[in-house]
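Q: How does the following fold in three dimensions:
(2 chains)
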Amino acid sequence: MSDMRSVFAETASALLDEDPLAAVVLAEISVDMFGKAAARHPDRVLNVGIREQLMVSVGGGLALAGMRPIVHTYAPFLVERAYEQVKLDLGHQDAHAVLVSIGASYDGARSGRTHQAPEDVALLESVPGFSVVVPGHPAEVEALLCGAVGALDAGSTYLRLSTEANLEARPVSASLQVVRSGRRAVVVAVGPMLSPVLEAVADLDVTVAYATTVRPFDAAGLRAAEAGSGAVVLVEPYLAGTSSHAVASALTSRPHRLLSLGVPLGELRRYGTPAEHAAFHGLDAAGIRRSVTGFLGLTS
Amino acid sequence: MGLRGVGRAADARGAACGQAGGMRSYAELPGLMTQMTGDEKHGPSATSTLDVLWVLYDQVLRVSPDTVDDPGRDRFLLSKGHGPAAYYAVLAAKEFIPESWLAGFGSAGSRLGYHPDRSLVPGVEIASGSLGHGLPIGVGVAHGLLARGLRGLGDPAPRVYVLVGDAELDEGSNSEAIVYAGAVGLPNLTVVAVDNQSSTYGWGPGGIEAHFAVGGWSTVRVSGRDHEALASAFRVTAAGATSAGPQLVVATVEGEE
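A: Now for the predicted structure:
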């Protein structure tokens, strides 16, 4: 099975073949994966060099000229380094693009803090008009990318790819999908958090709901899944609490408790593997289980 | 409440024709500008661009109130969004917006702010204000027009003109765009840098143009008050569009002192 990044490059290359208005803007990262596409479409596969501000601005300019741009690099350089370009050259101009990141929160565990961006979703959700989509499996990427490009008339999308993936793909949906049902709580697992969540709560009486589209947040779906249990656990692969306000808004009229799991704010200053970082952050199955059983007052 | 959907371009033209009876002349621009008050902080910034803007809209740009949405129009991007009074005056003189809009400049009910918003003003291609965004966006627009293979109004391919200030070039995002556009030889991009010597550290003995020329741009410096010289410089840049890379016109104007 290809990884998410490879599926992205293959799908974007196919989109370039099919859609004369599609364009890909790169800043050196993944250029080798677009070699054939660039040979076929030299005017629509643009590598601006190591210039991420320009990369995002060019995406905005392409959109203003009537193109459908896909803009891609590592998450910290795409979202954090070029944040004002995202805010102004896409958001404020009302120019739409699909931003596709790799690296997620701690794919680059060995690379250190410079290559990690767990704050990306919190930043992107602060730009009006952006949808945020977090695939959980490589097989979900094609449909999600095509959907995002197809929705460009309506708005921009941030597609957040990771080397972390669930054991199995699920059908793609913008809605919360109930994976299993229980009575004590609803556990919302975002993207690649589904497999560790299912392992963590295997013998617990809880509902598990899977989300790939986190902005807009499926408030109605959460209300249906919560079903009066009064307890919600949010498990996000990025900054802890990023979607807490969305859960709070969805459940304004219902008494409820909320546990928000994710990457804690802070400097870890550790290298290692993504699996080790998941454990450091309490986002492996054992860590999630500890948190959920504590939250529900169960003995683990 | 937002202003979207109120006073569209069609209304704007009707109002302007009703009250003014045709296009205005250069001599009438100061009168239009005095209708906008309150942004005196940006006064030097506003008047520095007046002649360049007039020449562009009067003689160079293939865009009119009727073609602001035509894919083949020339694009003018005011990157230096500070002090837009001259810009609004020219847009009013050329009937992109009604003269009656000018008096409300900067007020809650006005479409005309201290920095322009493309969503609010017919004919305005980008919202600007934060410096260093227009040229990088212009690179993307130029690429997009080339990729679409569009014919321009009056046939030659549409061209992108970006106005920057000399101090605006302090912003590093411009350097990214200058080196890249020169390296790939974007043929349909003209930058006009209005140089009123306001950059604190300046651009050295070779001036602004040295920094573009080393990147492969064609450059020319003219007086930013000489309409004939400006028009001639823009004609040369447009004529060279198929054979050369991007073009820089430095328009020298008096300093702020």
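
Q: What residues does chain A have near chain B?
A: Residues of chain A lying close to chain B (Cβ under 8 Å from any Cβ of the partner chain) are A:20-21, A:23, A:25, A:43-44, A:46, A:48-49, A:51, A:53-54, A:57-67, A:69, A:84-85, A:88-89, A:92-94. C-beta coordinates here come from the backbone N, C-alpha and C atoms, glycine included.

Q: I would like a ChimeraX command selecting only the buried ones among these, please.
A: Of the residues of chain A next to chain B, the buried ones can be selected in ChimeraX as follows, counting by 16 or more other Cβ atoms under 10 Å in any protein chain shown:
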select /A:21,23,25,44,46,48,49,51,53,54,57,58,59,60,61,62,63,64,65,67,69,84,85,88,89,92,93,94
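
Q: Okay, and which of the residues of chain A next to chain B map to strands?
A: In strands, judged by DSSP state E, the following of those are found: A:23, A:25, A:46, A:69.

Q: Just list whatever residues bridge to the second one.
A: The residues listed as beta-bridge partners of A:Val25 by DSSP bridges are A:Leu46, A:Val71.

Q: In contact with it, which residues?
A: Residues in contact with A:Val25, defined by Cβ atoms under 8 Å, 6 or more residues apart in numbering or on different chains, are A:46, A:48, A:55, A:58-59, A:62, A:69-72, B:140.

Q: at 7 Å instead, please
A: A:46, A:48, A:55, A:58-59, A:69, A:71 (Cβ atoms under 7 Å, 6 or more residues apart in numbering or on different chains).

Q: Going by distance to chain B, which of those wins?
A: A:Val58 (3.6 Å; Cβ to the nearest Cβ).

Q: ok, that closest one - contacts?
A: By Cβ under 7 Å, 6+ apart, the contact set of A:Val58 is A:25, A:46, A:48, B:136, B:139-140, B:143.

Q: And the residue of chain B that's closest to chain A?
A: Counting by Cβ to the nearest Cβ, chain B gets nearest chain A through B:Gly140, at 2.0 Å.

Q: Would you mind confirming that that residue makes contact with A:Met55?
A: No: using Cβ atoms under 7 Å, B:Gly140 is not in contact with A:Met55; the gap is 9.4 Å.

Q: what residue lies at the spatial centre of chain B?
A: Centroid-nearest residue in chain B: B:Leu78, 3.8 Å away (criterion: Cα atoms, centre = their mean).

Q: pLDDT at that one, what is it?
A: Looking at B:Leu78, its pLDDT is 98.

Q: Tell me what it is bridged to.
A: B:Leu163.

Q: Next, the contact list for the closest residue to A:Glu125 other than its chain neighbours, please.
A: In space, and not counting its chain neighbours, A:Glu125 is closest to A:Arg215: 5.1 Å by Cβ to Cβ, 6 or more residues apart in numbering or on different chains. Applying Cβ under 7 Å, 6+ apart to A:Arg215 gives the contacts A:125, A:130-132.

Q: can we see that at 6 Å?
A: By Cβ atoms under 6 Å, 6 or more residues apart in numbering or on different chains, the contact set of A:Arg215 is A:125, A:131-132.

Q: excluding its backbone neighbours, what's nearest B:Ala238?
A: With Cβ to Cβ, 6+ apart as the criterion, B:Ala238 has its nearest non-adjacent residue at 5.9 Å, and that residue is B:Arg159.

Q: burial measure for that neighbour, as a count.
A: Look at B:Arg159: counted by other Cβ atoms under 10 Å in any protein chain shown, it has 24 neighbours.

Q: Test my guess that it contacts B:Asn188.
A: Yes: B:Arg159 is within contact range of B:Asn188, at 5.0 Å (criterion: Cβ atoms under 6 Å).

Q: quick one: the helices in the stretch 151-257 of chain B?
A: With helices called from DSSP state H, counting those that start in this stretch, the stretch 151-257 of chain B shows them at B:172-184, B:207-213, B:227-239.

Q: Shouldn't A:Ser101 be within a helix?
A: No: looking at A:Ser101 with DSSP: H, G, I helix; E, B strand; the rest coil, it is strand, so not inside a helix.

Q: Find the nearest non-adjacent residue to it, please.
A: Nearest non-adjacent residue to A:Ser101, counting by Cβ to Cβ, 6+ apart: A:Ala75, 3.8 Å away.

Q: neighbours of the one you found, just the number please.
A: Around A:Ala75 there are 30 other residues, counting by other Cβ under 10 Å.

Q: who touches the strand or helix carrying A:Cys146?
A: Here A:Cys146, judged by DSSP states H and E, is contained in helix A:141-150. If you take Cβ under 6 Å, 6+ apart as the criterion, helix A:141-150 is touched by A:4, A:7-8, A:11, A:15, A:68, A:98, A:133, A:135, A:157, A:159, A:172.

Q: ok, which pair from those is furthest apart?
A: Maximum pairwise distance in those, criterion Cβ to Cβ, is 20.7 Å, between A:Met4 and A:Arg68.

Q: What does the pLDDT read for B:Ala9?
A: Value listed for B:Ala9 in the pLDDT field: 41.

Q: where does the residue nearest to A:Glu125 fall, phi/psi-wise?
A: Main-chain dihedrals, A:Arg215, degrees, to the nearest 10: phi -140, psi 120.

Q: A:Ile288 versus the nearest residue to A:Ala285 once chain neighbours are set aside, what's the distance?
A: Closest residue to A:Ala285 apart from its sequence neighbours, by Cβ to Cβ, 6+ apart: A:Glu199 at 3.9 Å. According to Cβ to Cβ, to the nearest Å, A:Glu199 stands 8 Å off from A:Ile288.

Q: Who has more neighbours out of those two?
A: More crowded of A:Glu199 and A:Ile288, by other Cβ under 10 Å: A:Ile288, with 24 against 14.

Q: Is that one within a helix or a strand, and which one?
A: helix A:285-296.

Q: on contacts alone, who are the packing partners of that helix?
A: helix A:194-200 (3 or more Cβ pairs under 6 Å, 6 or more residues apart in numbering or on different chains; DSSP states H and E).

Q: so how far is the helix it packs on from its chain's centroid?
A: Its chain's C-alpha centre and that of helix A:194-200 lie 17 Å apart, by Cα atoms, centre = their mean, to the nearest Å.

Q: same check, this time on stretch A:89-101
A: The chain centre lies 16 Å from the centre of stretch A:89-101; the measure is Cα atoms, centre = their mean.

Q: cool, and stretch B:168-178?
A: 17 Å.

Q: Does it reach chain A?
A: Yes: judged by Cβ under 6 Å from any Cβ of the partner chain, stretch B:168-178 and chain A are in contact via B:173, B:176-177.
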